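# What shape does this take:
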Amino acid sequence: MTKDINIETERLSIFPLSGALLFPGMHLPLHIFEDRYRALINDAMARDRQIGMIQPKSGGDVPELFDIGCVGKIIDIEAMDDGRFNVVLEGTARFRIIEEIDANTAFRQVRAEIEDNKEIDEVLASAERAALEIESRKFAEMQGYQVDWDSIGRLDDASFVNGIAQIAPFDAASKQALLEVDGLSNRAELIIQLLQFFGRQDGDDDRVTLQ
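From the prediction side, this is the model:
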């Protein structure tokens, strides 16, 4: 069945960064110190305050990129005297790279399809929410994390699901899979599987990844 998603295409400046995924509705603090990404932030502030966060598939100065990332809007910025920035991004929508643009800039640019963020209005069935909360508690207890479960319980479903997806200590491939999966229920189900999978690992030396 074809998913009914309204798509718009636009030029997007990107920040490839492994392991630092941004999900719609979530916040991501970044410390910007490389010259090319200082230029990216200056450019974004002069235009629409938006950049594309995406994971590289490999290392190097011009790595191959995954197809799907998340648009982040700069909602807070601190400019330092030496040209560095501290910024906070808010995820607005997923994007899919159509092609890379041969741009005369220090940072990379792509033409991308931007999805409408319909997931923000999705809700989980009560059983789905309960199952995710149970597995999250089990995982937190096994890892020794201190969690304010009362505050967690007051989150809407999208914030709960995407918040776990963004901060959980999964490997980069697992987090990319979470970003790419369509639908809040499907993402919650995958999170449960990952919590159970990683929760079975004993200690950092035996850590298993899905890469």
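# all strands in this structure, in order from the N-terminus.
Secondary structure of the chain (DSSP state E): strands at 7-16, 27-32, 50-54, 68-79, 85-101, 109-115.
# and the ones you listed as CSV, adding distance to Ile192, mean pLDDT and mean neighbour count?
The C-beta positions use only the backbone N, C-alpha and C, and glycine is treated the same way. Shown next, in CSV, are these (distance: least, C-beta to C-beta, whole Å; pLDDT from 0 to 100; neighbours: other C-beta atoms under 10 Å):
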stretch, distance to Ile192, mean pLDDT, mean neighbour count
strand 7-16, 29, 86, 17
strand 27-32, 23, 96, 16
strand 50-54, 25, 97, 24
strand 68-79, 21, 97, 18
strand 85-101, 21, 96, 18
strand 109-115, 24, 95, 20
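# among these, which is nearest Ser151?
Comparing the strands of the chain against Ser151 with C-beta to C-beta, the closest turns out to be strand 27-32 (15.2 Å).
# partners of that closest one, with directions?
Applying DSSP bridges, strand 27-32 is found paired with strand 85-101 (antiparallel).
# thinking again about what came up before, tabulate the strands of the chain (JSON lines), appending distance to Gln146.
Formatted as JSON lines, those follow (distance: least, C-beta to C-beta, whole Å):
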{"stretch": "strand 7-16", "distance to Gln146": "31"}
{"stretch": "strand 27-32", "distance to Gln146": "20"}
{"stretch": "strand 50-54", "distance to Gln146": "28"}
{"stretch": "strand 68-79", "distance to Gln146": "26"}
{"stretch": "strand 85-101", "distance to Gln146": "23"}
{"stretch": "strand 109-115", "distance to Gln146": "35"}
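# Of all the ones you listed, which one comes closest to Ala168?
strand 27-32 (14.3 Å).
# buried ones in stretch 117-128?
Buried positions in stretch 117-128, judged by neighbour count with 16 or more other C-beta atoms under 10 Å: Asn117, Lys118, Glu119, Ile120, Leu124, Glu128.
# All good on my end, thank you.
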